[in-house]
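**Q** A structural model of the following input is requested.
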Amino acid sequence: MKKLTLLTLLTCTFLLGACSSGKQTSTTTSTKAETTTSSKKVDLNALDLPQLETNVKENEDVVEIVTTQGNIKAKLFPEIAPKAVENFMTHAKEGYYNGTPFHRVIDEFMIQGGDPKGDGTGGESIWKKGFKVEISNRLYHIRGALAMARSQALDSQGSQFYIVQNDQDVSDGLAIQYYPEKIIEAYKKGGTPQLDGNYTVFGQVIEGMDVVDKIAKAEVKTSETGEKSTPVDPVKVEKINIIQEAK
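**A** I've put the predicted structure just below:
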């Protein structure tokens, strides 16, 4: 079975390793389609951008990911990414993620987990088959974004997820016709815009980014694929507590 990785890994690795120039690559072009509906253009700056709000709304879920390095609290957006949220919440309630490691971590990029096999080759959705990406012009890969990992196929999402950790300014080159101004401003604090339009963002960390940073900065060794991203001593998810369910 193929490992679930981020399709633009090499692009992002080199980009972040070079202090994150933030210029758009071909991976962001699909975001353009989200700015128009038929012939009517969407006013991106008028959109509700829930990732940027610190308060939690009634229509959002809240989870606490309890890890061996500390706790990470995130809010989820079931109205925007319903299948991804349902999948994650159901797995969390059933203890599917208990004991699973963050098996792939890259400092100034992201941390990836959710695989019961612990090596990036396992995991399945609650429907026992892959499901399609859910792309929205209201959710982006800013620092702290919670998103679904997948293989190359757009309908291969299973159980694995990742949290964007990069904290370098990646706003340079982001065009205002494709991004809300507030999101461009948010990208000054970090993120991976190269993944926008290609992966499902379904949540946002609201507490515990220091824990995410600790996990990302752990000592790593080279994986079987030649990527230096396998933790020597993996941090594990002990359990996921459901703090709030959307009404």
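**Q** buried residues in stretch 54-63, which are they?
**A** Val56, Glu60, Asp61, Val62, Val63 (16 or more other C-beta atoms under 10 Å). Where you see a C-beta, it was placed from the backbone N, CA and C, and this is true even at glycine.
**Q** now the third one: closest residue in space, sequence neighbours ignored.
**A** Right, Asp61. Leaving aside its sequence neighbours, Asp61 sits nearest to Leu76 (C-beta to C-beta, 6 or more residues apart in numbering; 4.1 Å).
**Q** if the one you found is in a bridge, with which residues?
**A** Counting by DSSP bridges, Leu76 is bridged to Asp61, Gly203.
**Q** ok, it to Val62 distance?
**A** 7 Å (C-beta to C-beta, to the nearest Å).
**Q** please apply the same query to Thr121.
**A** For Thr121, the distance to Val62 equals 30 Å [C-beta to C-beta].
**Q** also Val105?
**A** Distance of Val105 to Val62, given as C-beta to C-beta: 24 Å.
**Q** need the contact list for the residue nearest to Glu79 when sequence neighbours are not counted.
**A** The shortest distance from Glu79 to any residue other than its chain neighbours is 5.6 Å, reached at Asn59 (C-beta to C-beta, 6+ apart). Neighbouring residues of Asn59 by C-beta atoms under 8 Å, 6 or more residues apart in numbering: Pro78, Glu79, Ala246, Lys247.
**Q** what helix or strand does Asn59 sit in?
**A** Assigned by DSSP states H and E, Asn59 falls within no helix or strand.
**Q** how close does it get to Lys73?
**A** Taking C-beta to C-beta as the measure, Asn59 falls 17 Å from Lys73.
**Q** can you get me a residue count around the residue nearest to Gln51 when sequence neighbours are not counted?
**A** Closest residue to Gln51 apart from its sequence neighbours, by C-beta to C-beta, 6+ apart: Gln204 at 4.3 Å. Residues contacting Gln204 under the criterion other C-beta atoms under 10 Å number 24.
**Q** verify the stated contact: Gln204 with Arg143.
**A** No: in this structure, Gln204 is not within contact of Arg143 by C-beta atoms under 8 Å, at 9.5 Å.
**Q** can you give me the strands in the protein?
**A** 36-37, 40-41, 61-67, 70-76, 104-106, 110-113, 145-148, 161-164, 201-207, 220-222, 228-231, 237-244 (DSSP state E).
**Q** how about the buried residues of stretch 54-63 in TSV, adding distance to Pro180 and pLDDT?
**A** Formatted as TSV, these follow (distance: C-beta to C-beta, whole Å; pLDDT from 0 to 100):
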residue	distance to Pro180	pLDDT
Val56	21	97
Glu60	19	98
Asp61	23	98
Val62	24	98
Val63	26	98
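**Q** nearest to Lys41, out of the residues you listed: which one, please.
**A** Each of the buried residues of stretch 54-63 was scored against Lys41 by C-beta to C-beta, and Glu60 proved nearest at 27.9 Å.
**Q** what residue lies at the spatial centre of this structure?
**A** Nearest to the geometric centre of the chain sits Ala147, at 2.7 Å (C-alpha atoms, centre = their mean).
**Q** contacts for stretch 200-210 next, please.
**A** The contact list for stretch 200-210 (C-beta under 8 Å, 6+ apart) reads 50-51, 54, 56, 62-63, 65, 70-77, 80-81, 84-85, 88, 133-136, 139-148, 157, 163, 165, 212.
**Q** filter the residues you listed to the buried ones?
**A** Buried members of the contacts of stretch 200-210, scored by 16+ other C-beta under 10 Å, are 50-51, 56, 62-63, 65, 72-77, 80-81, 84-85, 88, 133-136, 139-148, 157, 163, 165, 212.
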